[in-house]
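Peer 1: no sequence on this one, just coordinates:
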């Protein structure tokens, strides 16, 4: 009876931690959203620690926190570094609590200390995987949205609008992270007189970390007007590259879907071959 009660307590604690980690404080602060709209670094890129504590950190730990800051900026979800570290702590507590339930049910005693520490370490690094996936998803969305944005800009230039107006139109009509990046570039160009929209776009594209977007921005910054033919050509190239990568992804998905059938077919062939050889041996 005591083992069942202990299992229920462990399960409830782990489940509550996961629910809090999943749904608690999901929205970014207003200051972070306002800074993002102005094209300024958000709170996700700043470490909210006392200055004395920041100076006293070991170089390796400071470097790891810097990498977290960079990846949080690339993810674009508005999550602060403090919240991300809290997520890691919650996962380190929740994973051992949840996985200890079947162990307690089977053995009647709690897991050993080394096993609990190993599970805690695994849970501590789980949010890192989620952060990398968020960065990869954002880059993929920018890559998928880029051809449509370039085509829209080419249409605007063909209608007699300026490059800035074409960028503003793309920033209004695009959906997803590319819209945020274009709006941030335009805002940065308005705030800093030394930057034009092309130079600001290069900075934002490099910060976004998507190679095709960054290459387009650098080529645009190095080219002089007129931009219409350049945008049309680059839009066609981006769409062709997108189609090629999507075809490769579809082929990989097809192979992954049928990969589990290979062992079954191999086993079936071996069984049929064995049965045929056994029948042949009995008939001789």
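Peer 2: Looks like it arrived, so ask away. Every value quoted in this text rests on a predicted model; they were computed, and no experiment measured them. Residues are numbered from 1 along each chain as shown.
Peer 1: okay, now the unreliable bits of the stretch 1-150 of the chain?
Peer 2: 1-56 (pLDDT under 70).
Peer 1: what about residue 153, how many neighbours?
Peer 2: Residue 153 has 26 neighbouring residues, counting by other C-beta atoms under 10 Å. Backbone N, C-alpha and C define where each C-beta goes, glycine included.
Peer 1: need the residue closest to the centroid of this structure.
Peer 2: In the chain, the centroid-proximal residue (C-alpha atoms, centre = their mean) is residue 134; its distance is 1.6 Å.
Peer 1: helix, strand or coil: sort out that one for me.
Peer 2: helix (DSSP: H, G, I helix; E, B strand; the rest coil).
Peer 1: check the gap between it and residue 140 for me.
Peer 2: According to C-beta to C-beta, to the nearest Å, residue 134 stands 11 Å off from residue 140.
Peer 1: contacts only, for the residue nearest to the centre of the chain.
Peer 2: Going by C-beta atoms under 8 Å, 6 or more residues apart in numbering, residue 134 touches 75, 77.
Peer 1: who touches both of residue 134 and residue 140?
Peer 2: Joint contacts of residue 134 and residue 140 (C-beta under 8 Å, 6+ apart) do not exist.
Peer 1: got the domain ranges for the protein?
Peer 2: Annotated domains of the chain cover 2-111, 140-257 [automatic domain parsing].
Peer 1: any idea which of those domains is most buried?
Peer 2: Highest mean neighbour count among the domains of the chain (mean count of other C-beta atoms under 10 Å): domain 140-257, with a mean of 17.
Peer 1: what's the offset of it from the middle of its chain?
Peer 2: 19 Å (C-alpha atoms, centre = their mean, to the nearest Å).
Peer 1: which parts of the protein are strands?
Peer 2: Counting by DSSP state E, one finds no strands in the chain.
Peer 1: ok, which stretches of this structure are helices?
Peer 2: Per DSSP state H, the chain carries helices over the ranges 2-23, 30-37, 51-55, 59-75, 81-107, 113-158, 163-173, 177-191, 197-208, 211-222, 228-258, 261-283.
Peer 1: as JSON lines, the domains of the chain with distance to residue 264 would be great.
Peer 2: Below are the domains of the chain laid out as JSON lines (distance: least, C-beta to C-beta, whole Å):
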{"stretch": "domain 2-111", "distance to residue 264": "29"}
{"stretch": "domain 140-257", "distance to residue 264": "14"}
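Peer 1: so which of these gets nearest residue 119?
Peer 2: Closest approach to residue 119 among the domains of the chain is made by domain 2-111 (4.0 Å; C-beta to C-beta).
Peer 1: so what's the closest residue to residue 125 other than its chain neighbours up against?
Peer 2: Counting by C-beta to C-beta, 6 or more residues apart in numbering, residue 125 lies nearest to residue 88, which is 7.6 Å off, once chain neighbours are set aside. Applying C-beta under 8 Å, 6+ apart, we find residue 88 in contact with 124-128.
Peer 1: do residue 206 as well
Peer 2: If a contact means C-beta under 8 Å, 6+ apart, then residue 206 has 214, 217 as its contacts.
Peer 1: swap the cut-off to 6 Å and go again
Peer 2: residue 214 (C-beta atoms under 6 Å, 6 or more residues apart in numbering).
Peer 1: could you number the chain from 185 rather than 1 from now on?
Peer 2: In the new numbering, first residue 185, that becomes residue 390.
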